[in-house]
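K.L.:
model the structure of this input:
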Amino acid sequence: MTTASAATRLRHTVSRLVRHPEFRLGAREMSAVSPGLAAWGLMSGVAMVNSGMSATEAVAMTLLVFAGSSQLAAVPLIAASAPVWVILATSFCVNLRFVVFSAHLRSYVMHLPRPLRLLTGYVTTDMTYVLFVRRFDHPPVDVAQRRAQLAYLWGGSSLNWASWQASSLLGIALAQWIPMSWGLGFAGILALIGVTCSLASTRMRRLSAGVAGAAAVAAFALPFKLNIVVAIAAAVALCLLLESPATPDRRPAE
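P.N.:
Model prediction:
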């Protein structure tokens, strides 16, 4: 397949997704929490500039990294002239949760070509993942479901990406006039907490969330944000211990 034909096929796929009703639904549901995330993006932009980064470096970071938590974790290390490996290790540990997200989403997106999978991984964040799995609790079984799920995921992801980048770039531009003491970034945390609580619909989910939170607090003193890794490991281990194994099908073969 030539580059021109591949580009044409990609444009056709994107156009079809944008016209799908699930695309608009994904964007509409994301719009309910995007103001809080935009406030978080605004403060991320301010923090990057106030840490001593140039406007060019801050713009490059927000466009390429696109991960508020790792950006905020890396900024003080950059300001303190920490070694590059320390900055990379810290960002890696903070973003380890996306390994769990990727493992879960694998059965949803493995039918896509690799470039589109990579792009989907880039734009998928905590909030888009949470809203997506709440909307679709099972992988697709046919082409229509694949198209609907991908359209929903991209509807929310597109709005989330655009609102984050716009607010972050605004924060970079207005860094001298917006004090960090406003604490607008906490609005994003509140948005995440609200949606996360709505997902705690079963006893197992509530228990695992409680264990993860307790483990994260107990291990808070660990370096490189490793308390997040401990929290994930504790919750996963608990679920594996308590989850009842599937009953084997003992019916005689017909």
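
K.L.:
pLDDT weak spots in the stretch 151-254 of the chain?
P.N.:
For the stretch 151-254 of the chain, the stretches with pLDDT under 70 are 180-192, 194-196, 198-199, 201, 224-225, 243-254.

K.L.:
the same query, at a cut-off of 90, please.
P.N.:
171, 174-213, 216, 219-254 (pLDDT under 90).

K.L.:
let me see the ranges of the helices in the stretch 101-250 of the chain.
P.N.:
Shown for the stretch 101-250 of the chain, the helices assigned by DSSP state H, counting those that start in this stretch span residues 114-123, 126-135, 143-173, 186-199, 203-218, 226-242.

K.L.:
export these to TSV and tack on distance to residue 96 and mean neighbour count?
P.N.:
Every residue, glycine included, has its C-beta placed from N, CA and C. As requested, the helices of the stretch 101-250 of the chain are exported to TSV (distance: least, CB to CB, whole Å; neighbours: other CB atoms under 10 Å):
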stretch	distance to residue 96	mean neighbour count
helix 114-123	14	14
helix 126-135	13	20
helix 143-173	20	20
helix 186-199	17	15
helix 203-218	12	15
helix 226-242	5	16
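
K.L.:
tell me which of those sits nearest to residue 89.
P.N.:
Between residue 89 and these, the tightest spacing by CB to CB is seen for helix 226-242, at 9.7 Å.

K.L.:
same for the closest one, what does it pack against?
P.N.:
Contacts defined by 3 or more CB pairs under 8 Å, 6 or more residues apart in numbering; DSSP states H and E place helix 226-242 against helix 84-94, helix 97-109, helix 203-218.

K.L.:
and the longest one, what does it pack onto?
P.N.:
When contacts are defined as 3+ CB pairs under 8 Å, 6+ apart, helix 203-218 sits against helix 226-242.

K.L.:
pull the CA atoms of the helix it packs on into CSV?
P.N.:
Provided in CSV are the C-alpha atoms of helix 226-242 (Å, rounded to 0.1, in the frame of the first residue of the first chain):
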residue,chain,number,x,y,z
LEU,A,226,6.4,4.2,43.7
ASN,A,227,3.4,4.3,46.1
ILE,A,228,1.2,4.3,42.9
VAL,A,229,2.8,1.0,41.9
VAL,A,230,2.3,-0.4,45.3
ALA,A,231,-1.4,0.6,45.3
ILE,A,232,-2.0,-1.0,41.9
ALA,A,233,-0.2,-4.2,42.9
ALA,A,234,-2.1,-4.4,46.2
ALA,A,235,-5.5,-4.0,44.5
VAL,A,236,-4.7,-6.5,41.7
ALA,A,237,-3.4,-9.0,44.2
LEU,A,238,-6.6,-8.7,46.4
CYS,A,239,-8.9,-9.1,43.4
LEU,A,240,-7.0,-12.2,42.3
LEU,A,241,-7.3,-13.7,45.7
LEU,A,242,-11.0,-13.0,46.2
